[in-house]
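1. predicted model and sequence follow; I will ask about them next.
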Amino acid sequence: MVQADLIGSARAGDGEAFRALTEPYRRELQVHCYRMLGSVQDAEDVLQDTLLAAWQGLPGFEGRASLRTWLYRIATNRCLNARRAASRRPAKEWDIPGVEPPEPTRLGEVVWLEPYPDAFLEGADDGAPGPEARYEQAEAVSLAFVTALQVLPPRQVAVLLLRDVLGFHAREVAGMLGTTVESVTSALKRARASVQRRPLPAAGQRPPAAGSHEEEAIVARFVRAWESADLDALVALLTDDVFVSMPPMPFEYQGRDVVARFCACLFGAGRRFDLVPTRANGQPAFGVYVRGQDGVSHGAGLYVLGLAGDRICAMTRFETGVLPWFGLPRSLPSR
């Protein structure tokens with residue numbers, strides 16, 4: 001059935017026709033909402049709201065823009081509403097038992113950040129970015145980029161994503177946001193400047209390609225060092241300005257020396273770990289489990305690595321509650 005027939009059937013109340021219309025865009029819309037909101041759970045909530053609004057608003061869809069553009073307009077404006085009204089997830093106190101951390105370098109702002117499973121990205125690139133896109137798709141879902149977006153004003157985030165990530169023309173973006181081309185151009189200029197000013201660890205060094213031998217070699221060295229609590233081997237893998245964060249706890253550490261002290265605390269008191277590989281935000285990630293005396297390794301969170309050249313430039317720890325998103329158990333038999 002061609003799209004025009006599906007639209008006609010959906011307008012007549014055919015839910016299956018509506019699902020056939022919108023399903024091809026569902027995954028990319030969820031990624032878009034995640035970029036805007038930084039939270040998988042919030043992104044899914046807004047996506048559901050978007051699809052409901054599209055179902056209810058389909059009789060008013062006149063076809064002046066493509067169905068994809070119309071859906072992005074709804075999703076973007078729902079995300080803007082969510083960001084303006086958001087009661088963001090609050091910061092949490094330190095909650096790792098038996099570990100006394102060093103003084104943090106600073107306290108982070110983006111404590112609501114959540115990891116995005118790579119499995120969710122499958123099918124999200126079906127809508128190829130337009131010719132004006134400036135970001136590669138892998139870079140545009142990285143934790144560093146998504147974090148940088150969270151501290152921008154909502155309208156600037158929307159414009160940057162629609163123009164530089166998705167490649168919509170300025171006139172299309174103005175129509176989506178109900179504003180002028182001049183306003184879009186001005187917001188884009190400010191957003192680009194803000195993102196460029198945000199310091200990133202090991203700036204200028206590109207990560208190895210996903211799944212490459214270079215990436216696999218770094219990851220293997222990290223796993224050996226972490227599972228054997230070999231602090232020297234771990235520190236040898238880190239860049240000078242390596243950065244560690246752990247949302248929803250606001251503690252952040254930057255610099256090899258303080259990160260080494262932080263990792264030493266985690267390895268202290270004889271704690272040993274098992275790592276289970278996965279991927280998040282296009283980056284290597286691991287379910288982390290603490291070996292228990294009962295022969296069971298208990299979930300201690302999810303670590304996502306940022307790589308630069310042949311070194312690790314960032315580690316982000318997320319709470320144990322995200323493990324099921326990656327198909328990982330909360331506990332497993334100790335090795």
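-> Perfect, thanks for sending it. These figures come from a predicted structure and were not determined experimentally. Numbering: from 1, shown residues only.

2. contacts and neighbour counts: CA atoms only from here.
-> OK.

3. tell me the mean pLDDT over the strand of greatest length in the chain?
-> As assigned by DSSP state E, the longest strand anywhere in the chain is strand 296-308. Strand 296-308 shows a mean pLDDT of 96.

4. buried sites along it?
-> Neighbour counts over strand 296-308 (16 or more other C-alpha atoms under 10 Å) mark S297, H298, G299, A300, G301, L302, Y303, V304, L305, G306, L307, A308 as buried.

5. show me what that strand is packed against.
-> strand 273-280, strand 283-291, strand 311-318, strand 331-333 (3 or more C-alpha pairs under 8 Å, 6 or more residues apart in numbering; DSSP states H and E).

6. what does it rub up against?
-> Outside strand 296-308, the residues that touch it by C-alpha atoms under 8 Å, 6 or more residues apart in numbering are 202, 205-208, 273-274, 279-280, 283-292, 312-323, 329-334.

7. how about stretch 56-67?
-> I7, A10, R11.

8. in PyMOL, how would I select the buried members of those residues?
-> Buried members of the contacts of stretch 56-67, defined by 16+ other C-alpha under 10 Å, are picked up in PyMOL with:
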select buried, resi 7+10+11
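
9. the contacts of stretch 56-67 in strands, which ones?
-> Going by DSSP E, the strands hold none of those.

10. would you format the contacts of stretch 56-67 as a markdown table with pLDDT and distance to R221 included?
-> Listed next are the contacts of stretch 56-67 as a markdown table, based on pLDDT from 0 to 100; distance: C-alpha to C-alpha, whole Å:
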| residue | pLDDT | distance to R221 |
| --- | --- | --- |
| I7 | 82 | 53 |
| A10 | 83 | 54 |
| R11 | 87 | 56 |
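
11. now, which of the contacts of stretch 56-67 sits nearest R155?
-> Of all these, I7 has the smallest distance to R155: 30.5 Å, by C-alpha to C-alpha.

12. first-to-last residue distance for stretch 222-231?
-> Distance between the boundary residues of stretch 222-231 (C-alpha to C-alpha, to the nearest Å) amounts to 10 Å.

13. in it, what's buried?
-> For stretch 222-231, the neighbour count (16+ other C-alpha under 10 Å) marks F222, V223, A225, W226, E227, S228, A229 as buried.

14. picking that back up, so which of the buried residues of strand 296-308 comes closest to A217?
-> L307 (11.6 Å).
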